[in-house]
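In: show me the folded form of this:
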Amino acid sequence: MPNVHSLKTQDTISSGRAWKRNDAIINITDLRLRTYIGFNPEELSKQQDVIINCELQYEANEPCSSDDETTALNYKTITKKIIGHVEQGRFRLLEKLTEDLLQILMESDMATRATVKVDKPHALRFADSVSVTLSASRQ
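Out: Model (predicted):
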């Protein structure tokens, strides 16, 4: 049987059978921030809550085998960029804010796919929230 540590692809041997590890998925769930969002007069002068959910995929063979944090996608750094951008920004549309956050998620060459959803709670009178979701992937 081949040595598991010598494999150079995502193929792994377990119980004598080969299998392939898919990309790792990092989820950032219910990141609650405040920002200026909207174009009505009251929205321009008062920060509002937004709730951000992100899914970020990357090939994680090296971090899985080495347990070395320098080889992993640093989600703390990404989250700090998201927080700074949202809290310091002013946005008229949820679509623009969501696109900006998608660009932050895809900045790392390690990212193979990303999805971001931004909710604006209580944007509509009889709804809990309104949200926009955008996704991107590497070709």
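In: contacts only, for the spatially most central residue of the chain.
Out: The centre of the chain sits closest to C54, judged by CA atoms, centre = their mean, with a distance of 3.3 Å. Residues near C54 by CB atoms under 8 Å, 6 or more residues apart in numbering: 26-28, 31, 82, 101, 105, 114-117. Every C-beta, even on glycine, is put in place using the N, C-alpha and C of the backbone.
In: among these, which ones are in helices?
Out: 82, 101, 105 (DSSP state H).
In: tell me which of the residues you listed is nearest to A72?
Out: If you rank the ones in helices among the contacts of C54 by distance to A72 using CB to CB, L105 comes first, at 15.2 Å.
In: so the closest one makes contact with Q57?
Out: No. If you go by CB atoms under 8 Å, L105 and Q57 don't touch, sitting 9.9 Å apart.
In: and the two? which has more neighbours close in?
Out: Comparing L105 with Q57 by neighbour count (other CB atoms under 10 Å), the higher total belongs to L105, at 26 against 20.
In: gap between that one and N61?
Out: 20 Å (CB to CB, to the nearest Å).
In: and for I82?
Out: Per CB to CB, I82 is found 26 Å from N61.
In: repeat that for S137.
Out: Taking CB to CB, one finds S137 at 19 Å from N61.
In: again with I78
Out: As judged by CB to CB, I78 and N61 stand 20 Å apart.
In: same question for E87.
Out: Relative to N61, E87 is positioned 35 Å away (criterion: CB to CB).
In: over to V130?
Out: Per CB to CB, V130 is found 39 Å from N61.
In: so these two - more neighbours on which side?
Out: Neighbours per residue (other CB under 10 Å) separate V130 from N61, with N61 holding more: 17 against 13.
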